[in-house]
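In: below are the sequence and a predicted model for it; my questions follow.
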Amino acid sequence: MELNARIYVAGHRGLAGSALARRLASGGFLNLLTRTHAELELTDQAAVRKFFEREKPAYVFIAAAKVGGILANNSYPAEFIQSNLAVQTNVMHEAWRNGVRRLLFLGSSCIYPRDCPQPIKEEYLLTGPLEFTNRAYAVAKIAGVEMCSSYNRQYGTSYLAAMPTNLYGPNDNYDLEGAHVLPALIRKMHEAKAGGLDRVVIWGTGSPRREFLYSDDMADACVMMMSLPDDAFGEILRGPNGLPLINVGCGEDQTIADLARAVASVVGFRGALEFDTSKPDGTPRKLLDVSRLRKLGWSPRIDLETGIAAAYKGFLAREGGFSGHRGALSGAKT
Ligand SMILES: NC(=O)c1ccc[n+]([C@@H]2O[C@H](COP(=O)([O-])OP(=O)(O)OC[C@H]3O[C@@H](n4cnc5c(N)ncnc54)[C@H](OP(=O)(O)O)[C@@H]3O)[C@@H](O)[C@H]2O)c1
């Protein structure tokens, strides 16, 4: 990517998109194109067409998506599949019509079968049943991977599908009904400390293992890949089973219990952590195999403790503290 190239970041105010926008700006990319959801409805095909024809971006990052936790995914599957299919279809199709040079589509590790061997390699895609609660979302994202592959094959585009592990960082969602596990823990511990509570209840046994990547590290990996010379970029596009698919993670995981202890330590909550073992654990382990990313010479810079401290600072600055919601992590996705 040339520093003066026109680069469109779809979803630039979200967790992933804002990290991409920060990384591009700090890397000296001066020609960023952004539109808020209110300014450009990406499910509106005519509006997306008009935007691409007027702005002619050379590079595109798709970080716009309808995203949520278990509760939202399970309650509104029609909205999750319709909205995500529409957003990615409109953007990828107009990117092709308008000669975009490279596009990076963000998916998520939930595209892989629920009971995959660990760590999860890219080639495990479509080898087994998906987790039911977010199947609609996962199928939309799998369709996005297949669209990248199909447009590359038929039209000669350079579309890459990057699958990050669990992300956290600035502009995360701290609403307990929609939050992922780490921001939900930050909020719950903060509220418990502020309210002088002596315990926090966490869903499940605490034993499932999960991997977390700070959003700025994810953005750094994505910008690195989009900036590779043609031969190296082409190599990633010819991924396992011919799919232009690459995992983005740190390659390390820990138990939810260890994660909760780390959050408690950063937030300064000194009460008890109570595990509600009557609630489901979800899949026992979810760790991405990141050897293909590592081979490109990339590794994350922000360790979990530093990342949680930065995220908590952002939470405090943004919220000034929430109130209410004293229950268990009912909506949290792990
Ligand atoms: N969060 C994670 O842990 C995680 C992990 C792995 C992968 N990812 C992937 O990263 C991508 C972004 O996720 P995120 O966590 O950054 O989500 P997010 O914080 O909710 O950000 C999504 C952004 O997209 C915008 N958007 C959604 N629908 C839109 C539409 N129809 N038209 C225009 N803009 C729209 C949203 O705007 P509004 O808020 O105004 O609707 C928001 O700014 C997703 O593909 C997700 O699968 C996320």
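Out: Cool, the structure landed. All figures in this text were calculated on a predicted structure; none of them were measured in a lab.

In: for the ligand, what are the nearby residues on the protein?
Out: With CB under 6 Å from any ligand atom as the criterion, the chain meets the ligand at residues 11, 13-17, 37, 40-43, 63-67, 83, 87, 106-108, 164, 166-167, 173, 180. Yep, even glycine has a C-beta here, placed from its N, CA and C like the rest.

In: which of these count as buried?
Out: 11, 14-17, 42-43, 63-67, 83, 87, 106-108, 164, 166-167, 173, 180 (16 or more other CB atoms under 10 Å).

In: and Arg135, how far is that from Gly107?
Out: 14 Å (CB to CB, to the nearest Å).

In: what about the worst-scoring helix or strand of the chain on mean pLDDT, distance to the chain center?
Out: Counting by mean pLDDT, DSSP states H and E, the weakest-scoring helix or strand in the chain turns out to be helix 70-75, with a mean of 84. Offset of helix 70-75 from its chain centre (CA atoms, centre = their mean, to the nearest Å): 17 Å.

In: after that helix comes which helix or strand?
Out: Using DSSP states H and E, the helix or strand that follows helix 70-75 towards the C-terminus is helix 77-97.

In: in this protein, which residue sits nearest the ligand?
Out: Going by CB to the nearest ligand atom, the ligand is nearest to Gly14 of the chain, at 1.9 Å.

In: ok, that residue touching Val67?
Out: Yes: counting by CB atoms under 8 Å, Val67 is a contact partner of Gly14 at 7.4 Å.

In: so what sits against both of the two?
Out: Here Gly14 and Val67 share no contacting residue, scored by CB atoms under 8 Å, 6 or more residues apart in numbering.

In: OK, contacts around the nearest residue to Ile308 once chain neighbours are set aside?
Out: Spatially, and ignoring its direct neighbours in sequence, Ile308 is nearest to Val266 (4.7 Å; CB to CB, 6 or more residues apart in numbering). Val266 is in contact with Glu305, Ile308, Ala309, Tyr312, counting by CB under 8 Å, 6+ apart.

In: what's the answer for Ala192, then?
Out: Neighbour list for Ala192: Arg199, Val200, Phe269, Gly271 [criterion: CB under 8 Å, 6+ apart].

In: pLDDT score for it?
Out: On the pLDDT scale, Ala192 is placed at 96.

In: where's it, which helix or strand?
Out: Assigned by DSSP H and E, Ala192 falls in helix 181-194.

In: alpha carbons of that helix, in PDB - could you do that?
Out: Provided in PDB are the C-alpha atoms of helix 181-194 (Å, rounded to 0.1, in the frame of the first residue of the first chain):
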ATOM      1  CA  VAL A 181     -16.100 -12.300  27.900                       C
ATOM      2  CA  LEU A 182     -13.100 -10.000  28.500                       C
ATOM      3  CA  PRO A 183     -15.000  -6.600  28.300                       C
ATOM      4  CA  ALA A 184     -17.800  -8.200  30.300                       C
ATOM      5  CA  LEU A 185     -15.300  -9.200  33.100                       C
ATOM      6  CA  ILE A 186     -13.800  -5.700  33.100                       C
ATOM      7  CA  ARG A 187     -17.200  -4.100  33.600                       C
ATOM      8  CA  LYS A 188     -18.400  -6.600  36.200                       C
ATOM      9  CA  MET A 189     -15.200  -6.300  38.300                       C
ATOM     10  CA  HIS A 190     -15.300  -2.500  38.000                       C
ATOM     11  CA  GLU A 191     -18.900  -2.400  39.100                       C
ATOM     12  CA  ALA A 192     -18.300  -4.800  42.000                       C
ATOM     13  CA  LYS A 193     -15.300  -2.700  43.200                       C
ATOM     14  CA  ALA A 194     -17.300   0.500  42.900                       C
END
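
In: how far off centre is it?
Out: Counting by CA atoms, centre = their mean, helix 181-194 is centred 20 Å from the centre of its parent chain.

In: helix or strand next in line after that helix, which one?
Out: Toward the C-terminal end, the helix or strand that comes next after helix 181-194 (DSSP H and E) is strand 199-203.

In: and the angle from that following strand to helix 181-194?
Out: In terms of direction (axes from the mean of the first three to the mean of the last three CA atoms, to 10 degrees), strand 199-203 departs from helix 181-194 by 160 degrees.

In: which strands and helices lie in contact with strand 199-203?
Out: Packed against strand 199-203 by the contact rule (3 or more CB pairs under 8 Å, 6 or more residues apart in numbering; DSSP states H and E) you find helix 181-194, helix 256-267, strand 272-276.
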